[in-house]
Structures are given as C-alpha cells and as structure tokens.
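# I would like the atomic coordinates for the input below:
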Amino acid sequence: MTTSFTPNGTTTKAPNGKAPRDSTVTMTEIVLPSHANALGTIFGGKIMEWIDIAGAIAAGRHARRIVVTASLDALHFVAPVKVGHIVHIRASVNWAGRTSMEVGVRVDSENQVTGESHHTATAYLTFVALDEHGRPTQVPAILPGTPEEKRRFDAAQKRRESRIRLAEELKKPH
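Next up, the predicted model:
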C-alpha cells in the first residue's frame, strides 16, 4: 500500500499508485506590464514558463522526485490575457508510465475588476522523474477514480501513442 498526502492534509491509500487529485497544483499570477507585449497582452513565452513550472510541481508531487521536462506538446492559446488580469494555472498528472508522466495544464484568466473569467490556454507536457544520479527512475502508477480522471487518463494514453509515433518518425533519416 502507498500512502500519499494531499495538499489539504488528508491521506489516500492505494496499492502502488496515486490518484491524480493527490498531486494537483493551482498557481495564481498577476499579469504585470513587464510580462506584456506592445498590445498590452501577455507574452506567450511567459504563459509557457508558468505552465512548465506548474506542470513540474504536479509531476514532482506525484513522483516525489526531481523531474525534468521531456516535451511540451499540444499547447493551444485560446484567448489573450491583458495586463492587470489574474491568471489561474491548474496542473494535474493525467497518466504515468514507468518513468514518465503526462501532465495536463489549463490556464484561465480573470478580470479582477469585473470578475469575468476566460479559458486562455491548454497544454500537455511530459516529465521524467530522476534518481539521485540524474537517471530516469520509476514513478507510481496513476489511479483515476472520478469519471473526469478516467476520461483524462484514456485521452492521455492516446496522446502518448501519438508522441511515440512522432518520436519514431523524427529518428528516421531524411
């Protein structure tokens, strides 16, 4: 049995695995003028940085190891984010293999004056857990419990198959 501690202090017991909710991360940032382009909207690279940080925290919580980003794929910017808006970044481990994990990240922006909120970006990242020698090491399985966790788990498996096909294609001489 594995005992994992959730951010709110409760424990979850599961055989050789963890529920996605045990490592979910929520970050909140404010968009400052130094984050913005000439249009007064945030640079996409700043959103990418925050996505990578939130994803690494979620993957690290799941693995209880240092993790590194192996890939960032399917990053979709849906709407611009303006200076002064609040950005909410939610990251959760969707799937785990032997040493790697897929983390899904959703970004929403909030106009703090009106309270209006918009979905602004979605991304999927792969992280690899490392041992004390910097080598890939085993991570706990993901045990999806809710219908939403199961849906994300199944979708992540399909994305993994696609990433494997792409990696094989990129290895071919051109």
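# from what I can see Phe43 touches His35, true?
Yes. Assessed by Cβ atoms under 8 Å, Phe43 is found in contact with His35 at 6.3 Å. (Glycine included, C-beta is placed from N, CA and C.)
# What lies in contact with the lengthiest helix in the chain?
Longest helix in the chain, counting residues (DSSP state H): helix 147-171. With contacts defined as Cβ atoms under 8 Å, 6 or more residues apart in numbering, helix 147-171 is touched by 19-21, 71, 73-74, 92, 94-95, 97, 102, 104, 124, 126, 142, 144.
# list the buried ones in it?
For helix 147-171, a neighbour-count test (16 or more other Cβ atoms under 10 Å) marks 149, 152-153, 156, 159-160, 163 as buried.
# Phe43 and His35: who's more crowded?
His35 (19 against 14; other Cβ atoms under 10 Å).
# That one contacts Val83, correct?
Yes. Judged on Cβ under 8 Å, His35 makes contact with Val83 at a distance of 7.4 Å.
# where do the contact lists of these two overlap?
The contact lists of His35 and Val83 share Ile42, where a contact means Cβ under 8 Å, 6+ apart.
# In contact with Gly55, which residues are there?
Per Cβ under 8 Å, 6+ apart, neighbours of Gly55: 69, 91, 103, 105, 123, 125, 127.
# Quick one: which of these is the most crowded by neighbours?
Neighbour counts for the contacts of Gly55, by other Cβ under 10 Å, peak at Val103, which reaches 32 neighbours.
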